[in-house]
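Asker: Task: produce atomic coordinates for the following.
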Amino acid sequence: MLRMQRVAGLEKAKSLLEVKGSDTFIDFIAQQIISFRKNKGNVRSMFMNSFSTSADTKEALKGSPDLLADGWEVVQNKVPKIDAATLKPCKWPANPAKEWCPPGHGDLYPALAGTGMLDKLLKDGVKYMFVSNSDNLGATLDLDLLNYFAESDKSFIMEVCTRTEADKKGGHLAVRTADGQLLLRESAQCADEDEKEFQNTDKHKYFNTNNLWIRLDKLKEVLDAHNGVVPLPMIKNSKTVDPGDGDSPAVFQLETAMGAAIESFKGAGAVVVDRSRFAPVKTCADLLRVRSDAYEVTDDFRLVLSAECNGKPPLVDLDKKVYKKMAGLDKMLGEGAAGLPSLKHCTKLSVKGKVVFEAGIIFKGSVNIVNSDDEWKVLKAGTYENQDITM
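Answerer: Predicted coordinates:
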């Protein structure tokens, strides 16, 4: 079981953000592993960290020393950010560390090989690896899926979910018409003129959860056949050299996606799973959603969609100018997140402008809130259902 640590313009690992109460992503992951070992059997656990998250992750796991055994992590490589104007490696004397970035989670494969971890796992008799993102607390090691993977004799399996409006921008599974090979299409690889069709959930019905099952012996074969790499399409992401400073120079980060490896494994497959295995946090809007009562914690420390949501998570749209960073969300929810609203009966919540939630707010149906002024305004406690609110 391998968890991918991601950084999203934060000064610390995202996994240290609080999710429910004072419990962080790392707290949940540690408890998931401990619960599995206690109730189902021993399992190896590993974290893939970047150079930015390794120390934070190790510090956070000090309370669970069994998870820091030999081979507890593999560290990604790092590559230079590319100056968008010159197409050369960028320079940022104010903070040279920000000149570098991890090359996306597709670096999993060369990192496992280059550190010697893949050979060590194979030598120890480890045949199957389950990989998921640290920000997806619904993804745990499922024995039924493991048994299916083993019995199918497939080399690689991607867990997919049925796309909804909330998932239309995510990468989706596709079939190459030339040979029927499964492949992954990411939004960053989509031409502007194809965006509407890319987001067509009737045409492209399944999206990648980034929960992957990998036969390590087959991974070794792919690496050996391609001179130590897994052929993956390159993704060009437009950023600023300092993620916390939108006025810093524009750069490109060249990355690969680990799910795209499905194209390189003969005999790869996919399995459709329900929403209980997919509760990711990529934005402050996602974090608001999972912090709310739309998600519940199971006895084995998974984060699952509340039954009242009827299988569909509420669509949360927060003003990116105000809530792109945690400071904006913290202001909205107040001290100790006291203003966390109820969303389990909400289908869509849209917030434009600076809005502070008072404690005791319940949203139902579709609610649209707009504050056009440049000052923060308080939305009073109460139930708001299928309405537009102008403050």
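Asker: Show me how the record splits this structure into domains.
Answerer: Domains of the chain are assigned by automatic domain parsing as 2-277, 284-390.
Asker: for the stretch 51-200 of the chain, what are the low-confidence residue spans?
Answerer: Filtered on pLDDT under 70, the stretch 51-200 of the chain yields the residue ranges 166.
Asker: rewinding a little: same list, the domains of the chain, but as JSON lines with mean neighbour count please.
Answerer: From N, CA and C alone the C-beta is placed, and that goes for glycine too. Shown next, in JSON lines, are these (neighbours: other C-beta atoms under 10 Å):
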{"stretch": "domain 2-277", "mean neighbour count": "17"}
{"stretch": "domain 284-390", "mean neighbour count": "17"}
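Asker: hang on, residue 381 packs against residue 342?
Answerer: No. Counting by C-beta atoms under 8 Å, residue 381 stays clear of residue 342, with 10.9 Å between them.
Asker: Pull up the overlap in contacts between those two.
Answerer: Shared contacts of residue 381 and residue 342, defined by C-beta atoms under 8 Å, 6 or more residues apart in numbering, comprise residue 361.
Asker: Strands of the stretch 251-391 of the chain, start to end?
Answerer: In the stretch 251-391 of the chain, the strands defined using DSSP state E, counting those that start in this stretch lie at 269-272, 295-297, 303-305, 315-318, 342-352, 355-357, 361-370, 377-379, 382-390.
Asker: Determine the set of other helices and strands touching the longest one.
Answerer: The contact analysis (3 or more C-beta pairs under 8 Å, 6 or more residues apart in numbering; DSSP states H and E) places strand 342-352 against strand 315-318, strand 361-370.
Asker: quick one on the thing from earlier: with respect to residue 223, which of the strands of the stretch 251-391 of the chain lies nearest?
Answerer: With C-beta to C-beta, the closest approach to residue 223 among these belongs to strand 269-272: 20.1 Å.
Asker: Paired strands for the closest one, with orientation please.
Answerer: strand 156-162 (parallel) (DSSP bridges).
Asker: what's in contact with the partner strand?
Answerer: Counting by C-beta under 8 Å, 6+ apart, 139, 145, 148-149, 167, 173, 182, 184, 205-209, 211-215, 218, 259, 261-262, 265, 267-275, 277-278 sit against strand 156-162.
Asker: Tell me which stretches of this structure form helices.
Answerer: 25-39, 54-60, 108-114, 117-123, 143-152, 195-198, 216-225, 284-291, 320-323, 326-333 (DSSP state H).
Asker: do you know which of these lies nearest residue 363?
Answerer: Closest among those, using C-beta to C-beta: helix 284-291, at 10.9 Å.
Asker: now that closest one against strand 342-352, angle please.
Answerer: 160 degrees (axes from the mean of the first three to the mean of the last three C-alpha atoms, to 10 degrees).
Asker: same for helix 284-291, what does it pack against?
Answerer: Under the contact rule (3+ C-beta pairs under 8 Å, 6+ apart), helix 284-291 is packed against strand 18-20, strand 315-318, helix 326-333.
Asker: Can I get it in PDB, CA atoms only?
Answerer: Taking Å, rounded to 0.1, in the frame of the first residue of the first chain, the C-alpha atoms of helix 284-291 are listed here in PDB:
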ATOM      1  CA  CYS A 284     -10.300  24.700  -0.800                       C
ATOM      2  CA  ALA A 285     -13.800  23.900  -2.200                       C
ATOM      3  CA  ASP A 286     -13.000  20.200  -1.900                       C
ATOM      4  CA  LEU A 287     -11.800  20.600   1.600                       C
ATOM      5  CA  LEU A 288     -15.000  22.500   2.600                       C
ATOM      6  CA  ARG A 289     -17.000  19.700   1.200                       C
ATOM      7  CA  VAL A 290     -15.200  16.800   3.000                       C
ATOM      8  CA  ARG A 291     -15.100  18.800   6.200                       C
END
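Asker: Could you tell me how far it lies from the centre of the chain?
Answerer: 12 Å (C-alpha atoms, centre = their mean, to the nearest Å).
Asker: hang on, the earlier thing: Throw the helices and strands packed on helix 284-291 into TSV and include distance to residue 245 and mean pLDDT, thanks.
Answerer: Formatted as TSV, those follow (distance: least, C-beta to C-beta, whole Å; pLDDT from 0 to 100):
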stretch	distance to residue 245	mean pLDDT
strand 18-20	25	89
strand 315-318	21	95
helix 326-333	14	94
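Asker: Out of these, which gets nearest to residue 61?
Answerer: strand 18-20 (16.2 Å).
Asker: Name the residues that touch that closest one?
Answerer: With C-beta under 8 Å, 6+ apart, strand 18-20 has contacts from 24, 25, 28, 137, 281, 287, 290, 291, 297, 303, 337.
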